[in-house]
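> pasting the sequence and the predicted coordinates here, then a few questions.
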Amino acid sequence: MTDSPHVVAVTAANFQSLVIEGSFERPVLVDFWADWCAPCRTLMPMLAKLAEQYGGRFLLAKVDTEAEPALAAHFGIRSLPTVQLFKDGQAVDQFMGALPEPQVREFLDRHLPRASDDVLRQVEDLMASGDFDAARALIDQALTEDPDNGRLRLAELRLSAARGDIATALAGLDNLPIDLANAPEVAALRGQLRFAGAIQDAPSESELSRRAEADPSDSQARYQLAAYRVLQGDYAGALDYLFEIMKRDRAYGEDAGRKGMLAVFDLLGGNNDLVARYRARMMSALY
């Protein structure tokens, strides 16, 4: 173990404070290792070197799975080395095996804060206030200074969506590099765009409610009502509509009710209580 403020040994006693709580302050990279594991011994010094080179942008936390088997079991560690990245109290990504340094750097760079991330927060505020031109100008400036920041590409797509250009945003998602295309925030954006597209040129919410009450078999009205609920942040209401479609009309939109529920799950993230509840209802109805 190196004598570094950026590298720590973690046990069951301090995991909560150093990893879970600490990940709200900065990302924490947890290396699950064992002394008998030759790839672990290869990976360990490289991770420690990167922790130093990144200058505190993340904390490297090392878990000796021989000494801490309960921690390894809790996080589902089945092979060594396994490295998990924690942000805001949750594991958000992982890799297994002794990856080459360039791949580890790529993994880190997907998640670690960058100078241009401050611009992203300003862009979100501008989009929320409807100042799309200023948001576009900020994105262009940031791309000039940091062209490799994939989050800026996502901001471009969110801006297209905010302007109502859903087709352009969806096409952009389909053309993202593969390492970014599989990121959770991309799955969430894809879900938002799915529902935003569903209510383009749709009747008003009140008209759709009247249609759904008059005709329980009107799956389109229910689906569009679910889309309105998603965009309003009422995910439980959306899932109720989608669940009814899944139960009543699997043919509608090639199983759009079930697929819509999965899209909402992506929006909420896998550890959300609402996801667990409705996933159980889905499984019960299907099987």
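In hand now; what should we look at? Numbers count the residues shown, from 1 in each chain.

> give me the residues contacting stretch 85-93.
Contacts to stretch 85-93, defined as CB atoms under 8 Å, 6 or more residues apart in numbering, come from residues 19-21, 23-24, 27-30, 58, 75, 84, 94, 107-108, 110-111, 184, 269, 271. (Each C-beta comes from the backbone N, C-alpha and C, glycine too.)

> so which of those residues are in strands?
Counting by DSSP state E, those place 28-30, 84, 94 in strands.

> reformat these as CSV; add neighbour count, distance to Q224 and pLDDT.
Formatted as CSV, these follow (neighbours: other CB atoms under 10 Å; distance: CB to CB, whole Å; pLDDT from 0 to 100):
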residue, neighbour count, distance to Q224, pLDDT
V28, 25, 42, 97
L29, 28, 43, 97
V30, 25, 43, 97
Q84, 22, 39, 97
Q94, 17, 38, 94
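
> phi, psi for the residue lying closest to E244 once chain neighbours are set aside please.
Sequence neighbours aside, R222 is the residue nearest to E244 in space, at 6.2 Å (criterion: CB to CB, 6 or more residues apart in numbering). Per-residue torsions, R222: phi -70, psi -40 (degrees, to the nearest 10).

> between the ones in strands among the contacts of stretch 85-93, which is nearest A134?
Set against A134, the nearest of the ones in strands among the contacts of stretch 85-93 by CB to CB is V28 (34.9 Å).

> against F86, how distant is that closest one?
Look at V28 and F86: by CB to CB, to the nearest Å, they are 4 Å apart.

> how near is the residue nearest in space to the middle of the chain to D266?
Centroid-nearest residue in the chain: P184, 2.5 Å away (criterion: CA atoms, centre = their mean). Separation of P184 from D266 (CB to CB): 7 Å.

> for Q232, same thing?
Distance, Q232 to D266, using CB to CB: 18 Å.

> with neighbour numbers in mind, choose between the two.
D266 (19 against 11; other CB atoms under 10 Å).

> give the contact list for that one.
184, 187-188, 190-191.

> of these, grab the buried ones for ChimeraX.
Remark: buried members of the contacts of D266, expressed as a ChimeraX selection using 16 or more other CB atoms under 10 Å:
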select :187,188,190,191
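
> now, the contacts of D266 that are in helices?
184, 187-188, 190-191 (DSSP state H).

> min pLDDT across those, which one?
Across the ones in helices among the contacts of D266, the smallest pLDDT goes to P184, namely 77.

> how much space between that one and F265?
11 Å.

> per-domain residue ranges of the chain.
7-111, 117-182, 205-286 (automatic domain parsing).

> what's the closest non-adjacent residue to M44?
Closest to M44 by CB to CB, 6+ apart is W33, at 6.3 Å.
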